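>>> this one's sequence-less:
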């Protein structure tokens, strides 16, 4: 009987002292959300990137080169895939391609399959605000058609809370 009491006491001690530390060490999920870079043919619904867009894609890859990116999402549109292509090639990652309006599926994948990872999401001027809001519950201003330099960083805690940072990358937008 003493042995069972001792085991119970040790188990209670370990659980009460080690579990909070293990929870505190659980990794954060970091998500970088960008709009695709400049497109070559504005009227083309599946336009490739322009030379300026290709330069911005390289700037994104350089900026996130040491961020530890482990997952990349792009839409079915060529311009989003080309925007993340230099980063994907440098990291040896095949981007996951989703429908541009599959925000619910994207957020579920990030919160459930990419916990503790560093993720890049490339969307569109009309989808990035919704993605950011779905990830962190904060509204951001819409992205004007001529603006391509916004970078949104969402850090999600293991408990599900999130913080948002906004910055810019590459050549300044008008």
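That came through, no problem. What you see is a predicted model, and the numbers here were worked out from it, not measured in a lab.

>>> measure how buried residue 168 is and give me the count.
A total of 12 residues lie near residue 168 under the criterion other Cβ atoms under 10 Å. Where C-beta positions appear, they are placed from N, C-alpha and C, glycine not excepted.

>>> quickly list what it is bridged to.
residue 150 (DSSP bridges).

>>> I'd say it and residue 152 touch.
No - using Cβ atoms under 8 Å, residue 168 is not in contact with residue 152, being 10.5 Å away.

>>> quick check: residue 157 vs residue 28, distance?
6 Å (Cβ to Cβ, to the nearest Å).

>>> got the contact list for the one residue sitting closest to the centre of the chain?
Centroid-nearest residue in the chain, with Cα atoms, centre = their mean: residue 31, separated by 2.5 Å. Shown in contact with residue 31 (Cβ atoms under 8 Å, 6 or more residues apart in numbering): 110, 118-121, 135, 153-156.

>>> quick check, residue 120 in a strand?
Yes - assigned with DSSP: H, G, I helix; E, B strand; the rest coil, residue 120 falls within a strand.

>>> element containing the residue nearest to the centre of the chain?
Remark: residue 31 resides in strand 29-35, with elements defined by DSSP states H and E.

>>> and whichever helix or strand comes after that strand, how far out from the chain's middle?
For strand 29-35, the following helix or strand on the C-terminal side (DSSP H and E) is helix 51-63. Chain-centre distance of helix 51-63: 17 Å, with Cα atoms, centre = their mean, to the nearest Å.

>>> where in the protein is pLDDT low?
1-25 (pLDDT under 70).

>>> now do the buried residues in stretch 102-118.
Buried residues in stretch 102-118, counted by 16 or more other Cβ atoms under 10 Å: 103, 106-107, 109-111, 114, 117-118.

>>> include distance to residue 41 when you put those residues into JSON lines, please.
Formatted as JSON lines, the buried residues of stretch 102-118 follow (distance: Cβ to Cβ, whole Å):
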{"residue": "103", "distance to residue 41": "26"}
{"residue": "106", "distance to residue 41": "26"}
{"residue": "107", "distance to residue 41": "30"}
{"residue": "109", "distance to residue 41": "30"}
{"residue": "110", "distance to residue 41": "31"}
{"residue": "111", "distance to residue 41": "35"}
{"residue": "114", "distance to residue 41": "33"}
{"residue": "117", "distance to residue 41": "34"}
{"residue": "118", "distance to residue 41": "32"}
